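*Asks:* A structural model of the following input is requested.
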Amino acid sequence: MAARVGIDRKTQWRLEQGDPSVSLAVLVRTLNVLGLSEDLDELGAKDEIGRRLAEIELPERPHRKVKGSS
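*Replies:* Just a heads-up that it's a prediction; the model follows:
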């Protein structure tokens, strides 16, 4: 499985254990290898909280001045 996903066995083990440091890209590639990538689309379509957060108009973050620039 790890070879098909393109990761080492340690990363696969961390993914299986639910380690949050494993990248989302690894999870998506794993779902694709397992034939479950369409389930990810379905999950995104039902993400009410994510949709609400995207609709909130957040204020722009103020830019910090860089030392030494005018």
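*Asks:* Please report how far the residue most central in space within the chain lies from residue 59.
*Replies:* Centroid-nearest residue in the chain: residue 24, 3.4 Å away (criterion: C-alpha atoms, centre = their mean). Look at residue 24 and residue 59: by C-beta to C-beta, to the nearest Å, they are 27 Å apart. In short, each C-beta sits where N, CA and C put it, glycine included.
*Asks:* got it, and residue 32?
*Replies:* 37 Å.
*Asks:* neighbour count winner among those two?
*Replies:* Using other C-beta atoms under 10 Å as the criterion, residue 32 and residue 59 rank with residue 32 on top: 14 against 5.
*Asks:* For that one, pull up the helix or strand it's in.
*Replies:* Residue 32 belongs to helix 24-33 when assigned by DSSP states H and E.
*Asks:* got a list of what residue 33 touches?
*Replies:* 1, 4-5 (C-beta atoms under 8 Å, 6 or more residues apart in numbering).
*Asks:* Ok, residue 28 next?
*Replies:* Listed by C-beta under 8 Å, 6+ apart, the contact set of residue 28 reads 37, 40.
*Asks:* Let me know the pLDDT of it.
*Replies:* You'll see residue 28 listed with a pLDDT of 92.
*Asks:* With residue 66 instead?
*Replies:* We note a pLDDT of 69 for residue 66 in this prediction.
*Asks:* do the same with residue 69
*Replies:* Listed pLDDT for residue 69 reads 56.
*Asks:* do residue 63 as well
*Replies:* Confidence at residue 63, expressed as pLDDT, is 73.
*Asks:* got it, and residue 20?
*Replies:* 93.
*Asks:* before we move on, what about the one 5 residues further on?
*Replies:* Among the per-residue scores, residue 25 holds a pLDDT of 95.
*Asks:* and it, how many neighbours?
*Replies:* 10.
*Asks:* do the same with the one 5 residues further on
*Replies:* Other residues near residue 30 number 22, with proximity taken as other C-beta under 10 Å.
*Asks:* quick one, what contacts it?
*Replies:* So residue 30 contacts 1, 5, 12, 15 (C-beta under 8 Å, 6+ apart).
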